[in-house]
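> could you look at this predicted model? Sequence included:
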Amino acid sequence: MMARFRSLRWRLTFLYLGLLAMLLLLGGVAQYFAAREVLFRTNADALTSEYNSDLLAFRKQIATRPATAIRALLLSQQFARQLASGHTSAAIFGPDGGLVISSSANITPDVVPPTLPTQDYLNALRSQPKPYYLATASDGSVHLAVLNVLRNGTRALGVVQLSIPTASIDQALSADRQLAIVGSLIVLSLALVLSPLIVGRALRPLEQMSTSADALAAGDYKQRVAVPRSGDEIGRLALAFNQMAAGVDQAFEVRRQSEEQMRHFVADASHELRTPLTSIAGYVEVLSRRDFVDPETLRESLAAMQRESSRMTRLVNDLLTLTRFEVASAPHRQALRLDDFLNQALDELALPEHGAAVSRQIEPGIVVDADPEGLKQVVTNLAQNALKYAPGTEQRWSLFSADGRAAIRVQDSGPGIPRRDLPHVFERFYRGEQARDRSTGGSGLGLAIVKSILEAHHGAVEADSQPGRGATFTAWLPLAAVKQAA
Ligand code: ADP
């Protein structure tokens, strides 16, 4: 249960509700004080106008009296009684701020009517009185009071205070307060019911994402989530989630394919190795079954076994070269002048001794960053293929640079590569149709090795052929950062 309330949904709900409650409370308090101020002021205004009309009526009553008597009458119990009515009590203070007379309908005689500090009366006499005052009576009740300066002509006779108990105002306010509390509670309980629903709805894509992530982790890489059209953070998260899922899916697809390739490779390699092994085992069995073997047969058998075993050695060496360049990317690189390198490599191969004419067209001064041993293997494999598949024809070697790359190209004028073989010649263990028939055909790894060496150098290899008119192979390598002059 606790865990449930720790969820984002409930945390957001509680946060929202807390905020709402705080705002309602603040609003309520502010509204209460504002209403109280308005009520105080309207009551004070009513008291002042009551005073003005009473004063006017009293002055009319005493207008016929002699001028000396008027002053005394204005400060008399008679006037005070006229002013007091209902809840309103009246008190008259002299020019020194002292109480002259007071009258009240409600306050019992032993209760002194509410009075303010003397300073308030003196201040009122000197300047404008404040709109209202709050005074405490001797019984502790709070009264709302207004002060009016009593004048005879221009002379200030004293201050008249009219006051009413605030209890009646507070009653009106308390009804208001109760209404505000009930209203706030209704709003809060509505929010309590609605906000988990709203928050839950907004967070639904997140829940979906967590379910999908679980499924993804369990191996279902096709999992995607619906992207809400809102374009908000959750929408962007859903989009990012889907991109991630697609990335994972793709990565696993690539891995699956490379595992598949690896399985094929192991199966092909085992198959290739089994052929010479079976053959050697056959010779051994035939020889061991005979009591007497004539020297001629023995010599032939041993020669055949040697052939098979050197075929195996070649195959194993090819496999080692292939894996070496596939695992590490060109381990021993150095700046290499290709003109010198190619001339030397072709010289060492002594191709004319194997019946091939060689022509060279070499652009000087091309420098690449390469592993000489690996590059030599490339030249050797291409030259040997031309010897094998285009025997007795001319090999035209060229070296040039184009598009920021260096190219070593060999062209022969042999039978060329059939169109259906051309896309596959760089695959491991792929042998063209003629090569398959031929007993001297290689393992089908030669061009795969060329390709993996060049790719380890961030280069590439291309094959081109017009069937019947020879084959062309081009090895591409990136130029070294500094291209040296010839
Ligand atoms: P292999 O060990 O069979 O020579 P490669 O990988 O070197 O394997 O070559 C793959 C296939 O490409 C060969 O079996 C052959 O059919 C074809 N091929 C390669 N070089 C040439 C060439 N110069 N002329 C015609 N076909 C070629």
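That came through fine.
> show the contacting residues for Gly97.
When contacts are counted by Cβ atoms under 8 Å, 6 or more residues apart in numbering, Gly97 touches 118-119, 121-122, 125, 159. C-beta here means a position set from N, CA and C on the backbone, and glycine is covered the same way.
> so which of those residues belong to strands?
The strands, defined by DSSP state E, take in Val159 from those.
> return the residues of the stretch 301-450 of the chain in contact with the ligand.
385-386, 389-390, 412, 414, 416-417, 421, 425, 430-432, 434-435, 441-448 (Cβ under 6 Å from any ligand atom).
> rewinding a little: with respect to the ligand, which of the contacts of Gly97 is nearest?
The closest of these to the ligand turns out to be Gln119 (Cβ to the nearest ligand atom; 114.9 Å).
> tell me the pLDDT at the closest one?
Confidence at Gln119, expressed as pLDDT, is 91.
> any idea how many residues pack against it?
9 (other Cβ atoms under 10 Å).
> spit out the contact partners of it.
Gly97.
> would you mind giving the domain segments of this structure?
Domain ranges of the chain: 6-172, 221-327, 330-485, per automatic domain parsing.
> show the buried residues in the residues of the stretch 301-450 of the chain next to the ligand.
With burial judged by 16 or more other Cβ atoms under 10 Å, the buried subset of these is 385-386, 389-390, 412, 414, 416-417, 421, 425, 430-432, 435, 442-448.
> so what's the residue nearest the centre of the chain up against?
What sits nearest the mean C-alpha location of the chain, by Cα atoms, centre = their mean, is Leu237, with 6.4 Å. Listed by Cβ under 8 Å, 6+ apart, the contact set of Leu237 reads 205-206, 209.
> distance of the residue in the stretch 201-350 of the chain positioned nearest to the ligand from Gly432?
Nearest residue of the stretch 201-350 of the chain to the ligand, counting by Cβ to the nearest ligand atom: Asp318, 8.2 Å away. As judged by Cβ to Cβ, to the nearest Å, Asp318 and Gly432 stand 17 Å apart.
> then Thr472?
Distance from Thr472 to Gly432, by Cβ to Cβ: 15 Å.
> what pLDDT does Ala202 get?
Looking at Ala202, the pLDDT reads 82.
> what number of residues are in the vicinity of it?
As a measure of burial, Ala202 has 15 neighbours, counting by other Cβ under 10 Å.
> what about it, which helix or strand?
helix 167-217 (DSSP states H and E).
> quick check: mean pLDDT of the very next helix or strand once past that helix?
Note on helix 167-217: by DSSP H and E, the next helix or strand toward the C-terminus is helix 233-289. Mean per-residue pLDDT for helix 233-289: 90.
> quick one: the nearest residue in space to Lys451 that is not next to it in sequence from Gly442, how far?
Closest residue in space to Lys451, ignoring its immediate chain neighbours: Phe426 at 4.5 Å, by Cβ to Cβ, 6 or more residues apart in numbering. With distances taken as Cβ to Cβ, Phe426 is found 14 Å from Gly442.
> so Leu477 belongs to a strand, correct?
Yes - assessed with DSSP: H, G, I helix; E, B strand; the rest coil, Leu477 lies in a strand.
> so how far is the strand or helix carrying Ala156 from its chain's centroid?
According to DSSP H and E, Ala156 maps onto strand 155-165. Once both centres are worked out by Cα atoms, centre = their mean, to the nearest Å, strand 155-165 turns out to sit 73 Å from its chain's centre.
> any weak-confidence spans in the stretch 251-400 of the chain?
328, 330 (pLDDT under 70).
> what segments of it are helices?
Under the criterion DSSP state H, counting those that start in this stretch, the stretch 251-400 of the chain contains helices at 295-327, 338-349, 372-389.
> now, of those, which is deepest in the fold?
Counting by mean count of other Cβ atoms under 10 Å, helix 372-389 has the highest mean neighbour count of these, with a mean of 20.
> which strands and helices sit next to that helix?
strand 334-337, helix 338-349, strand 405-411, helix 433-437, helix 446-456, strand 471-478 (3 or more Cβ pairs under 8 Å, 6 or more residues apart in numbering; DSSP states H and E).
> what are the pairing partners of the helix or strand containing Val146, and which direction each?
Secondary structure assigned from DSSP H and E places Val146 in strand 142-152. Strand 142-152 has its sheet partners listed here by DSSP bridges as strand 133-136 (antiparallel), strand 155-165 (antiparallel).
> and it, how far out from the chain's middle?
Distance of strand 142-152 from the chain centroid (Cα atoms, centre = their mean) equals 70 Å.
> quick one: mean pLDDT for it?
pLDDT averaged over strand 142-152 gives 90.
> pull out the buried positions in that strand.
Buried, per 16+ other Cβ under 10 Å, within strand 142-152: 142-150.
> mind checking the SS state of the residue nearest to Lys451?
coil.
> what about it, distance to Arg405?
In terms of Cβ to Cβ, Phe426 sits 18 Å off from Arg405.
> same check, this time on Ile164
103 Å.
> these two: which has the busier surroundings?
Shown here are Ile164 and Arg405; by other Cβ under 10 Å, Ile164 has more neighbours (21 against 18).
> how about the more buried one: what's its closest non-neighbour residue?
Among residues not flanking Ile164 along the chain, His87 sits closest, at 4.7 Å (Cβ to Cβ, 6+ apart).
> next, count neighbours for the one you found.
His87 has 15 nearby residues by other Cβ under 10 Å.
> pretty sure it is touching Thr166, no?
No - in this structure, His87 is not within contact of Thr166 by Cβ atoms under 8 Å, at 10.4 Å.
> Gly444 - that's part of a helix, no?
No - judged by three-state DSSP, Gly444 forms no part of a helix; its state is coil.
> give the contact list for it.
427-431, 435 are the contacts of Gly444 under Cβ under 8 Å, 6+ apart.
> farthest-separated two in those?
Every pair in the contacts of Gly444 was compared (Cβ to Cβ); the two farthest apart turn out to be Arg428 and Ala435, at 14.1 Å.
> list the contacts of Arg41.
Per Cβ under 8 Å, 6+ apart, neighbours of Arg41: 131-132.
> so it is in which element?
Using DSSP H and E, Arg41 falls in helix 8-61.
> now find how far off-centre the following helix or strand past that helix is within its chain.
Later in the chain than helix 8-61, the nearest helix or strand by DSSP H and E is helix 67-74. In terms of Cα atoms, centre = their mean, the centre of helix 67-74 is set 89 Å apart from its chain centre.
> helix 67-74 - contacts with which helices or strands?
strand 142-152.
> the strand it packs on vs helix 167-217, what angle?
130 degrees (axes from the mean of the first three to the mean of the last three Cα atoms, to 10 degrees).
> what angle separates strand 142-152 from helix 67-74?
Counting by the same axes, to 10 degrees, strand 142-152 lies at 180 degrees to helix 67-74.
> I'd like the numbering to begin with 19 instead of 1 from here.
All set: I'll call the first residue 19, so the last point we hit is now strand 160-170.
> what's the angle from strand 160-170 to helix 26-79?
Using the same axes, to 10 degrees, strand 160-170 lies at 30 degrees relative to helix 26-79.
> hang on, Ile199 packs against Gly46?
Yes - at 7.2 Å, Ile199 counts as touching Gly46 under the criterion of Cβ under 8 Å.
> out of these two, which sits in the more crowded spot?
Gly46 (16 against 13).
> counting neighbours, what do you get for the closest residue to that one other than its chain neighbours?
Of all residues not flanking Gly46 in the chain, Ala198 sits nearest, at 4.6 Å (Cβ to Cβ, 6+ apart). Ala198 has 18 neighbouring residues, counting by other Cβ under 10 Å.
> so who does Ala198 touch?
Taking Cβ under 8 Å, 6+ apart, one finds 46, 49-50 in contact with Ala198.
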